[in-house]
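A.B. asks: Predicted model, plus sequence, below.
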Amino acid sequence: MNKKVISAAVAIALGSITLTACQHTPKAVEAVQQVSAEQQAQLFSTQFIEALWQLSPTWALYSGYHKYDDQLVIPNDLSRQKTLAFVAAQRKLLSKIDQSKLSDSSRIDLTLIENLLDSSEWEVSTFKSWQWQPSQYNVAGGFAQVINGDYAPLEQRLSSVLTRLTSVDDYYKAARENISNPTLEHTKLAVMQNQGALGVFSDDLIEQAQQSQLSHEQKAQFKERVLAARTTITKHIDWLEKLQADLEENGARDFRIGSELYQQKFALDIQSNLTAKQLYNKAVDDKQRVLAEMETLAHKLWPTYFPNQAKPQNRQQLISQLIEKLSVKHVKREDFVSDIRQQIPELEAFVNDKNLITLDKEKPLVVRETPSYMRGFAGASISAPGPYDKKANTYYNVTPLDNMTEEQAESYLREYNHWVLQVLNIHEAVPGHYTQLVYANMSPSLVKSLFGNGAMIEGWAVYSERMMLEEGYGDFEPELWLMYYKWNLRVITNTILDYEIHNKNISKEQGLSLMMDGAFQQQAEAEGKWNRATLSQVQLTSYYSGYRDIYDLRTDYKAKQGKDYSVKAFHDEFLSYGSSPVKYIRELMLNK
Ligand code: ZN
Ligand code: ZN
């Protein structure tokens with residue numbers, strides 16, 4: 001879903017923040033000291049968001065706020081000082097609000113803002129990824145958003161692009177001054193992604209401007225600046241390639257961030273009651289439990305699928321042979337999109353019949369083929385309207401398998417076989433991401449929509465998979481459960497892998513074995529995941545941590561409600577708090 005794209009942008013935006021005019025906003029808040037704490041909190045949040053967008057125009061435009069589209073922040077020391085000044089000024093304003101007098105919703109909003117301030121400061125002063133992750137520097141994303149957006153007439157957007165282009169050269173100069181002792185992995189990624197960036201400044205873009213209503217002078221400038229941007233990026237790629245060669249020859253910084261930074265990042269990003277270590281221990285236990293369940297199911301299914309063949313003695317072989325056999329059942333490649341389209345109403349009917357969650361009939365989900373500019377890789381994702389555009393459609397983007405070879409399509413379809421495709425639709429659509437986002441958009445809090453907790457969002461989608469099966473979706477078919485467990489084991493293993501890489505220093509061989517021998521993954525899938533784990537930290541744990549926290553909350557809630565417990569009441573209340581960290585929802589649901 002969109003959130004992933006956004007969080008990448010956030011990382012860039014936080015590292016590169018612009019001048020703000022927040023000096024005059026404190027007065028506005030002070031002037032209303034007479035009003036209630038609740039109103040004060042509202043005012044504070046409103047000025048906070050406006051000041052943040054001035055500081056980070058690229059983050060703003062990714063969030064659907066387009067006032068500062070023409071500005072590209074130069075990621076230099078000055079911009080980092082401005083970020084720290086912003087953090088200090090906002091903390092001072094926050095300290096003047098008496099949080100004990102606030103509604104639950106406003107208190108959570110302020111806690112999310114505090115966390116965001118802590119996170120920004122930590123990023124600049126402690127984590128310093130602006131030094132060692134060259135991949136943070138790439139101008140393409142913001143430009144592509146403005147060029148492809150449909151929120152304003154073409155000429156207006158091209159004018160923004162025209163002004164924005166004037167900063168590209170300074171941007172990359174600052175990037176080269178920042179980069180110091182980088183990892184090889186983030187350097188390689190920077191090369192690859194900046195090569196991709198050249199595609200945004202294409203002849204087509206120049207042609208688009210020439211055909212537009214821009215003035216003659218603007219058209220000439222446009223062409224000149226796009227060509228200059230290409231030259232700048234090409235020069236930057238050359239510089240990166242020399243850097244890469246040097247790192248390959250002389251060694252580079254380890255991509256593992258080590259235990260201390262990992263614990264800190266986990267606390268800031270996940271916002272769970274658990275520490276990283278506690279979550280890791282739960283994942284290790286869950287893995288054993290899931291494997292035992294899979295073994296039981298495999299024994300049950302074996303005679304049906306291998307009537308004349310002796311069962312392997314080895315658990316690993318027993319389960320993986322069954323998975324392979326079952327994976328052969330999948331939709332035809334040309335039916336991939338239509339089959340998904342067909343499943344959504346079936347999932348909705350199940351949720352309604354079983355009384356699981358109140359679904360909003362006013363906001364239908366539109367299943368569509370992924371628009372071409374969004375097609376990076378095959379797959380399915382949700383595009384939800386941002387908080388500035390709540391009335392827009394929610395799309396379920398499904399990429400047809402047109403561009404795959406026979407072999408690639410077959411492998412992909414086996415992965416997303418008959419059973420896994422259903423679990424995927426639960427996760428992405430109903431009652432997973434789509435249903436959660438409809439609820440989140442009903443909440444009037446802009447803060448929760450903009451700075452929602454990723455672990456809660458992913459955790460809900462993962463939780464909903466299991467919940468649906470437990471409620472009888474698929475009629476307790478053992479094949480569906482076995483495939484579900486394979487999928488769930490992947491989520492659990494992501495947490496174990498991420499933790500062990502950064503805290504236990506495991507090698508690539510150990511990591512691949514964890515995924516292939518330990519979680520029934522194919523080589524290509526495992527290699528891809530390993531690469532992702534070398535480039536990000538903590539993010540891979542968000543799915544499991546959110547899921548674990550929600551599931552544990554439900555267990556405690558159920559015990560507390562006793563005979564009054566209703567799963568629908570639990571879901572409706574849980575979702576009504578918007579995308580808040582589960583630990584705050586827990587407080588609200590258990591302490592009243
Ligand atoms: Zn096939
Ligand atoms: Zn998801």
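C.D. replies: Structure received. Ligands and ions are numbered 1, 2, ... in the order given.
A.B. asks: Up against ligand 2, what does the stretch 351-500 of the chain have?
C.D. replies: 458, 461 (Cβ under 5 Å from the ion). All C-beta atoms are positioned from the backbone trio N, CA, C, and that covers glycine.
A.B. asks: could you redo the last one with a cut-off of 6 Å?
C.D. replies: Counting by Cβ under 6 Å from the ion, the stretch 351-500 of the chain comes close to ligand 2 at 427, 433, 458, 461.
A.B. asks: what does the chain give?
C.D. replies: Going by Cβ under 6 Å from the ion, the residues of the chain near ligand 2 are 1, 427, 433, 458, 461.
A.B. asks: Widest-spaced pair of these?
C.D. replies: Maximum pairwise distance among those (Cβ to Cβ): 9.9 Å, between Met1 and His427.
A.B. asks: and the closest residue to Gly511 other than its chain neighbours, what pLDDT?
C.D. replies: Nearest residue to Gly511, sequence neighbours excluded (Cβ to Cβ, 6 or more residues apart in numbering): Trp530, at 5.3 Å. We note a pLDDT of 94 for Trp530 in this prediction.
A.B. asks: Trp530 contacts Gln510, doesn't it?
C.D. replies: No. Using Cβ atoms under 8 Å, Trp530 is not in contact with Gln510; the gap is 10.3 Å.
A.B. asks: So between those two, which is more surrounded?
C.D. replies: Trp530 (16 against 13; other Cβ atoms under 10 Å).
A.B. asks: who are the neighbours in contact with the more buried one?
C.D. replies: 508, 511-512, 515 (Cβ atoms under 8 Å, 6 or more residues apart in numbering).
A.B. asks: Just send the residues of the chain next to ligand 2 back as CSV, with pLDDT, secondary structure and distance to Ile113 too.
C.D. replies: Shown next, in CSV, are these (pLDDT from 0 to 100; DSSP: H, G, I helix; E, B strand; the rest coil; distance: Cβ to Cβ, whole Å):
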residue, pLDDT, secondary structure, distance to Ile113
Met1, 39, coil, 23
His427, 96, helix, 29
His433, 95, helix, 24
Glu458, 96, helix, 21
Ala461, 98, helix, 25
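A.B. asks: Can you redo those residues as CSV, where the extra columns are neighbour count?
C.D. replies: Shown next, in CSV, are the residues of the chain next to ligand 2 (neighbours: other Cβ atoms under 10 Å):
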residue, neighbour count
Met1, 21
His427, 25
His433, 26
Glu458, 26
Ala461, 23
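A.B. asks: now those residues as a markdown table including distance to Ala245?
C.D. replies: Putting the residues of the chain next to ligand 2 into a markdown table (distance: Cβ to Cβ, whole Å) gives the following:
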| residue | distance to Ala245 |
| --- | --- |
| Met1 | 37 |
| His427 | 42 |
| His433 | 42 |
| Glu458 | 38 |
| Ala461 | 42 |
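A.B. asks: With respect to Arg164, which of the residues you listed is nearest?
C.D. replies: Among the residues of the chain next to ligand 2, and counting by Cβ to Cβ, the member closest to Arg164 is Met1, at 26.5 Å.
A.B. asks: ok, and the closest non-adjacent residue to Gly474?
C.D. replies: Leu480 (4.1 Å).
A.B. asks: quick one, helices of the stretch 1-150 of the chain?
C.D. replies: 2-15, 25-30, 37-55, 57-62, 77-95, 104-122, 129-132, 140-148 (DSSP state H, counting those that start in this stretch).
A.B. asks: right, so those helices: which one is the most enclosed?
C.D. replies: Of all the helices of the stretch 1-150 of the chain, helix 57-62 has the most neighbours on average by mean count of other Cβ atoms under 10 Å, namely a mean of 25.
A.B. asks: and that one, what other elements does it pack with?
C.D. replies: Judged by 3 or more Cβ pairs under 8 Å, 6 or more residues apart in numbering; DSSP states H and E, helix 57-62 is in contact with helix 2-15, helix 37-55, helix 140-148.
A.B. asks: please redo it, this time with the cut-off set to 10 Å
C.D. replies: helix 2-15, helix 37-55, helix 140-148, helix 154-164 (3 or more Cβ pairs under 10 Å, 6 or more residues apart in numbering; DSSP states H and E).
A.B. asks: Now mean pLDDT too, for the ones you listed, in TSV please.
C.D. replies: Formatted as TSV, the helices and strands packed on helix 57-62 follow (pLDDT from 0 to 100):
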stretch	mean pLDDT
helix 2-15	36
helix 37-55	96
helix 140-148	92
helix 154-164	97
